[in-house]
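In: fold the stuff below for me.
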Amino acid sequence: MGAAGFIGRALVARLARRGTPVIAVARGETSGAAEPGVVWHAVGDMSAAAIDWPRLLTGARAVVHLASRAHAPPGEPGWIERDAALATRLARGAAAAGVEQLLLMSSIKVLGEGTASAPFRAGQSAAPADAYGFAKWSIEEAMRAASTSGPALTVLRPPLVYGPGVKANFLALLRLVDRGLPLPFASIANRRSLVFVENLVDLVEVALAHPAARHATLLLRDDDEPSTPALIRAIAQALARGTRLFPCPPPLLRLGLAALGRGDVAERLLGSLTIDDSETRQRLGWRPRLGLGEGLLATCRWYRSDACRQ
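Out: Here you go, the predicted structure:
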């Protein structure tokens, strides 16, 4: 589910390299996707009630649900309810097909937009602060309710995911740093958890095989939790660009961005979002294999490639 997206393609490629048979379900056609052992299905609008999920999922041991939206669509009423209804139908279809495990890719934003004094921890109550976080929580709840007597449910709540193929805010940050313009971020003293896409799909692979992942909600992150200035400097180094950061009081930055209608960007640039994923590491014996430098180098190589600049 969602196999043609940023995370989906990385996961399909990983499983194909392992020789794991994959039924890859996507909304549209997937020309050029020719991994051995991967059968692609284009189903169009996944929220359509007419999709025969039991038939499509017959023979699968596990289902990974990646098909919810990466960002809240502006001006589209009812999208949260449709995404939750899709999760319900998928869970029921998986149960009817005899699937053993469901793995849902949720988001750390189910717990909130940021952390002031203590990191987010496993077992915390949901406290979404925006429509995207609320949507992810609604999908979690719908899937839990629909899978009570069916497949074991595993929920992953990652922070910002980056890597080759990344889009949206992280791609915008790459472009900003690549321009080499002076940036007023030197005075920001925050910490932000993030996860390299290869570390994320590594945990997905572990969670699909480990009994302790069943019926669990798992947090995760890379080992590094850089500040905004540190992240920008690391990106610049990976791009072989100079950095020109100058100080500006964070409250002034926040006011300026709010005046431009970008208060959400201000929170991500200035605020902290940290995660304590020690329970995941202990439960599954997992830790991220790749560090920030390696992840950014792979991401920036992709960014520099002709394919991604077209």
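
In: count of residues packed around residue 165?
Out: For residue 165, the count of nearby residues is 18 (other Cβ atoms under 10 Å). Using the backbone N, CA and C atoms, a C-beta is placed for each residue, glycine as well.

In: list the contacts of it.
Out: By Cβ atoms under 8 Å, 6 or more residues apart in numbering, the residues touching residue 165 are 6, 9, 10, 197, 302, 308.

In: the second one is in what secondary structure piece?
Out: Under the criterion DSSP states H and E, the helix or strand holding residue 9 is helix 6-17.

In: among the contacts of residue 165, which has the minimum pLDDT value?
Out: Minimum pLDDT across those is recorded for residue 308, with 56.

In: can you give me the helices for the stretch 151-300 of the chain?
Out: Using DSSP state H, counting those that start in this stretch, the helices assigned to the stretch 151-300 of the chain run over residues 168-179, 197-209, 228-239, 250-259, 263-270, 278-284, 292-304.

In: between those, which one is closest to residue 139.
Out: In terms of Cβ to Cβ, the element of these nearest to residue 139 is helix 197-209, at 16.7 Å.

In: show me what that closest one packs onto, helices and strands only.
Out: In terms of contacts (3 or more Cβ pairs under 8 Å, 6 or more residues apart in numbering; DSSP states H and E), helix 197-209 is packed against helix 6-17, strand 62-65, strand 101-105, strand 152-157, strand 160-162, helix 278-284, helix 292-304.

In: could you give the angle of it to helix 6-17?
Out: In terms of direction (axes from the mean of the first three to the mean of the last three Cα atoms, to 10 degrees), helix 197-209 departs from helix 6-17 by 60 degrees.

In: hang on, the earlier thing: turn the helices and strands packed on helix 197-209 into CSV, including mean neighbour count and distance to residue 228.
Out: Formatted as CSV, these follow (neighbours: other Cβ atoms under 10 Å; distance: least, Cβ to Cβ, whole Å):
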stretch, mean neighbour count, distance to residue 228
helix 6-17, 20, 22
strand 62-65, 23, 31
strand 101-105, 24, 25
strand 152-157, 22, 22
strand 160-162, 21, 12
helix 278-284, 16, 25
helix 292-304, 19, 13
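
In: of those, which is nearest residue 236?
Out: Across those, residue 236 has its closest neighbour in helix 292-304 (9.4 Å, Cβ to Cβ).

In: other SSEs contacting the closest one?
Out: Helix 292-304 sits against strand 160-162, helix 168-179, strand 194-196, helix 197-209, helix 228-239, with contacts defined as 3+ Cβ pairs under 8 Å, 6+ apart.

In: kindly reformat the helices and strands packed on helix 197-209 as TSV containing distance to residue 187.
Out: Output for the helices and strands packed on helix 197-209, formatted as TSV (distance: least, Cβ to Cβ, whole Å):
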stretch	distance to residue 187
helix 6-17	32
strand 62-65	41
strand 101-105	35
strand 152-157	30
strand 160-162	22
helix 278-284	31
helix 292-304	22
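
In: of all those, which lies closest to residue 264?
Out: Nearest to residue 264 among the helices and strands packed on helix 197-209 is strand 160-162 (13.0 Å), distances taken as Cβ to Cβ.

In: which neighbours does that closest one have in its sheet, and in what orientation?
Out: Strand pairing for strand 160-162, determined by DSSP bridges: strand 194-196 (parallel).

In: which outside residues touch the partner strand?
Out: 158-163, 220-222, 225-226, 288, 290, 292, 294-295, 298-299.

In: excluding chain neighbours, what is closest to residue 6?
Out: residue 165 (4.9 Å; Cβ to Cβ, 6 or more residues apart in numbering).

In: isn't there a strand covering residue 41?
Out: Yes - under DSSP: H, G, I helix; E, B strand; the rest coil, residue 41 falls within a strand.

In: so what's the residue count around it?
Out: Using other Cβ under 10 Å, residue 41 has 12 neighbouring residues.

In: isn't it right up against residue 28?
Out: No - Residue 41 is not in contact with residue 28 according to Cβ atoms under 8 Å; the separation is 10.9 Å.
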